[in-house]
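Q: Sequence first, predicted coordinates after that:
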Amino acid sequence: MKPDLERSLEKLGTRGHGLVRPECVLATASGDFYTADWRGGIAHLHANGEQSLYMGIAPDGIELKPNGIALLRNGDFLLTHLGNEEGGVYRLQRSGQVSPWLMSVDGVDLPPTNFVVEDGLGRFWITVSTRLKPRSLGYRRECNDGFIVMVDRQGARIVADGLGYTNEVALHPNGRWLYVNETFSRRLSRFALHPDGTLGPKEVVVEFGAGTFPDGLAFDEDGGVWIVSIISNRLIRVAPDGTPTIWLEDSDAEHLAWVEAAFRAGALDRPHLDGIKSRVLRNISSIAFCGPDRRSAVLGCLLADHLFTLPMPVAGVAPTHWNYPTP
């Protein structure tokens, strides 16, 4: 497999309209897409082209800012709240009813919360990028206060700490590793996953260079992991041996140089993330394999009002929710 960077942007398609900050995207076997939406809930892009928006207000009056989302077997959702000061994980029903699902762990209220995913054993993995306030103080290479929470029948607990702006996590297809993107430490790392849900020491799979800030990830059936990078709009495949290959990029050299200068100076802030220059993509942050054979992918972008699709050279691993029925 060799990427064709010259033609990669030409292969992009689009799905949906009017979305607000579709940061995290899920796909199902039925052809439906779900994405976080900052109107306060989750947008549902039906296979027939129709759209629905499921939204509600939390019981404490908080207007939800969904970042990561998970589809549950009964059709409800979990969403992580990325507030300015507060976080947590909420359960959202399609009727609009909202209820707190996890608001604290190990006796501490959750800071603004990034991501949630269910594994094949019914456990949930949740990430917090940083404890710093405002969150932009964590946009530093030396940031090391992110953590991972695991929730199982015994309850919730922090299973990994000291991470460099923790973003999405994913289980390796063999079930023996938990992979995590450390966005502003520019690392893809992994932990050995034990049967009881505890983790071994962190291992760095790959250190990324200039312009790459890893956010979302998904595994293919050959054991490769696909990483999307904010700012540079890169799609990168990391082979099982740890070799990274850029498959897609939509960036502006002058803008990346500006970002890199700020990053080196410890001055990276929201304008560097929100003012990107690109031809088509608008800060890709999430990837999910889709289509009947999972040989396509759908991309969520922080600054777009729709999703992007593209053909893939290899089939993706089916996520836990892949065959969950649509209510």
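A: That came through fine. Residues are numbered from 1 along each chain as shown.

Q: Tell me where the stretch 101-250 of the chain has strands.
A: Shown for the stretch 101-250 of the chain, the strands assigned by DSSP state E, counting those that start in this stretch span residues 104-105, 108-109, 115-118, 124-128, 146-152, 155-163, 166-171, 177-182, 187-193, 199-207, 214-219, 225-229, 234-238, 244-248.

Q: just checking, what packs against the fifth one?
A: So the one you mean is strand 146-152. strand 124-128, strand 155-163, strand 166-171, strand 177-182 (3 or more Cβ pairs under 8 Å, 6 or more residues apart in numbering; DSSP states H and E). C-beta: built from backbone N, CA, C; applies to glycine.

Q: at 7 Å what do you get?
A: strand 124-128, strand 155-163, strand 166-171 (3 or more Cβ pairs under 7 Å, 6 or more residues apart in numbering; DSSP states H and E).

Q: Can you check which of the strands of the stretch 101-250 of the chain gets nearest to residue 274?
A: strand 214-219 (14.5 Å; Cβ to Cβ).

Q: any chance of the strands of the stretch 101-250 of the chain in JSON lines, with distance to residue 288 and mean neighbour count too?
A: Compiled in JSON lines, those are given as follows (distance: least, Cβ to Cβ, whole Å; neighbours: other Cβ atoms under 10 Å):
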{"stretch": "strand 104-105", "distance to residue 288": "26", "mean neighbour count": "16"}
{"stretch": "strand 108-109", "distance to residue 288": "30", "mean neighbour count": "10"}
{"stretch": "strand 115-118", "distance to residue 288": "11", "mean neighbour count": "24"}
{"stretch": "strand 124-128", "distance to residue 288": "16", "mean neighbour count": "25"}
{"stretch": "strand 146-152", "distance to residue 288": "20", "mean neighbour count": "22"}
{"stretch": "strand 155-163", "distance to residue 288": "23", "mean neighbour count": "16"}
{"stretch": "strand 166-171", "distance to residue 288": "11", "mean neighbour count": "25"}
{"stretch": "strand 177-182", "distance to residue 288": "15", "mean neighbour count": "24"}
{"stretch": "strand 187-193", "distance to residue 288": "18", "mean neighbour count": "20"}
{"stretch": "strand 199-207", "distance to residue 288": "20", "mean neighbour count": "14"}
{"stretch": "strand 214-219", "distance to residue 288": "6", "mean neighbour count": "24"}
{"stretch": "strand 225-229", "distance to residue 288": "10", "mean neighbour count": "26"}
{"stretch": "strand 234-238", "distance to residue 288": "12", "mean neighbour count": "23"}
{"stretch": "strand 244-248", "distance to residue 288": "15", "mean neighbour count": "19"}
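
Q: so which of the helices and strands packed on strand 146-152 comes closest to residue 298?
A: Nearest to residue 298, of all the helices and strands packed on strand 146-152, is strand 166-171, at 14.7 Å by Cβ to Cβ.

Q: ok now the closest one, how far from the chain's centre?
A: Put simply, strand 166-171 sits 7 Å off its chain's centre (Cα atoms, centre = their mean, to the nearest Å).

Q: in the stretch 151-300 of the chain, which segments are predicted with low confidence?
A: Within the stretch 151-300 of the chain, no stretch has pLDDT under 70.

Q: Wait, residue 315 touches residue 295, no?
A: Yes - look at residue 315 against residue 295 with Cβ atoms under 7 Å: they come within range, at 5.1 Å.

Q: after the longest helix along the chain comes which helix or strand?
A: Across the chain, the helix with the greatest residue count (assigned by DSSP state H) is helix 253-264. Counting by DSSP states H and E, the next helix or strand C-terminal to helix 253-264 is helix 270-274.

Q: Could you list the buried residues of that next one?
A: By neighbour count with 16 or more other Cβ atoms under 10 Å, helix 270-274 contains the buried residues 272-273.

Q: Over to stretch 61-77?
A: 62, 64-72, 76-77.

Q: How far does it stretch from one end to the other?
A: Stretch 61-77 stretches 19 Å from its first residue to its last (Cα to Cα, to the nearest Å).

Q: what lines up beside the host helix or strand of residue 90 in the sheet?
A: Secondary structure assignment for residue 90, by DSSP H and E: strand 89-92. The pairing partners recorded for strand 89-92 under DSSP bridges are strand 77-81 (antiparallel), strand 98-102 (antiparallel).

Q: List just the one of the ones you listed that sits closest to residue 142.
A: That would be strand 77-81 among the strands paired with strand 89-92, by Cβ to Cβ, at 24.4 Å.

Q: Appreciated, that's everything.
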